[in-house]
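Peer 1: Provided below for reference: sequence and predicted model.
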Amino acid sequence: MNNYDKIAKHYDWLSQLVFSDTQVNAQKNQLSHLKSNSNILIVGGGTGWILEEIAKIYPSGLNIVYVELSAKMISRSKARNFNDNNVEFVNLAIENFESANGFDFILTPFLFDNFKDEQAELVFEKLNLLLNNNGKWFLVDFTLQHGSGKWWKSTLLKSMYLFFRLFKMINTSELVEMKPYFLKRHYVLIEERFYYQNFIEASVYSKQNDTF
C-alpha cells in the first residue's frame, strides 16, 4: 500500500488535470525558507520535480535524502537535474527508514493523506525525532477545515480515495488533519497558505527545543 508505481508515469499529468498548478505552487512557495548547506529529508516526493526547483535556488551545498516507496517514482526522480547537490535516494516506506543524522528541513508533500490515524501518528513521531531543534517542517496536504464548499471538497476527496483504493494503492478513505499533532509537540506555525479554494493547505512549522 501507499505505493504509486501503477500511476508513476502519469502522476504529474493527473495532478495538473485536477488541480492545475496549485499542488506544485503550494510546495514551491515554501522553498524560500530553505537555507544553504542544509540537510534535507523529503518523504514521498513523487516524480522528483521538487529537486529541480530546489536546485534553482541552491545549485550546490545541500545534502538531500529522498525517501520514496515507489521504485518507479525513484527512477523518474533520479533523472532530474539537481545540479551539484548531494541526493541520496532511498526506496523504502518511511516507517522503515532509519538515519543516524538529524535534518534541518523535512518536506512531506501530500504524505499524510495516505495514512490512517495510527499510521499517521507513528510517522509523525518518527519524523519529529529526525528533525533537528529549530528545524523546519514543510507540510502540504488537503484539508476540510477551512473556508466554504466543504460539500464539494468532501465529494472530491472521496472520489480520489475511491480511485486510489480501486488500484490498491492506499488503504484509507478518510483524511487525517495533522495540525493537532504539531500543536501537541509545541511546534510554532511560521507560515500558512491556502490554495484551490482552501482545499490545499501549505504550512511551515518550526520545531522548538521542548517538542519532545
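Peer 2: Perfect, thanks for sending it. Numbers count the residues shown, from 1 in each chain.

Peer 1: okay, now the unreliable bits of this protein?
Peer 2: Along the chain, the model assigns pLDDT under 70 to residues 1-3, 210-212.

Peer 1: and the strands in it?
Peer 2: Under the criterion DSSP state E, the chain contains strands at 39-43, 60-67, 84-90, 103-109, 131-142, 188-195, 200-206.

Peer 1: turn these into TSV, columns for distance to residue 171 and mean neighbour count.
Peer 2: From N, CA and C alone the C-beta is placed, and that goes for glycine too. Below are the strands of the chain laid out as TSV (distance: least, Cβ to Cβ, whole Å; neighbours: other Cβ atoms under 10 Å):
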stretch	distance to residue 171	mean neighbour count
strand 39-43	18	24
strand 60-67	19	19
strand 84-90	22	15
strand 103-109	19	22
strand 131-142	17	20
strand 188-195	27	14
strand 200-206	23	22
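
Peer 1: got TSV for the ones you listed, with distance to residue 181 too?
Peer 2: Output for the strands of the chain, formatted as TSV (distance: least, Cβ to Cβ, whole Å):
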stretch	distance to residue 181
strand 39-43	15
strand 60-67	19
strand 84-90	23
strand 103-109	11
strand 131-142	10
strand 188-195	12
strand 200-206	10
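
Peer 1: so which of the ones you listed is nearest residue 11?
Peer 2: When the strands of the chain are compared by Cβ to Cβ, strand 103-109 sits nearest residue 11, at 12.1 Å.
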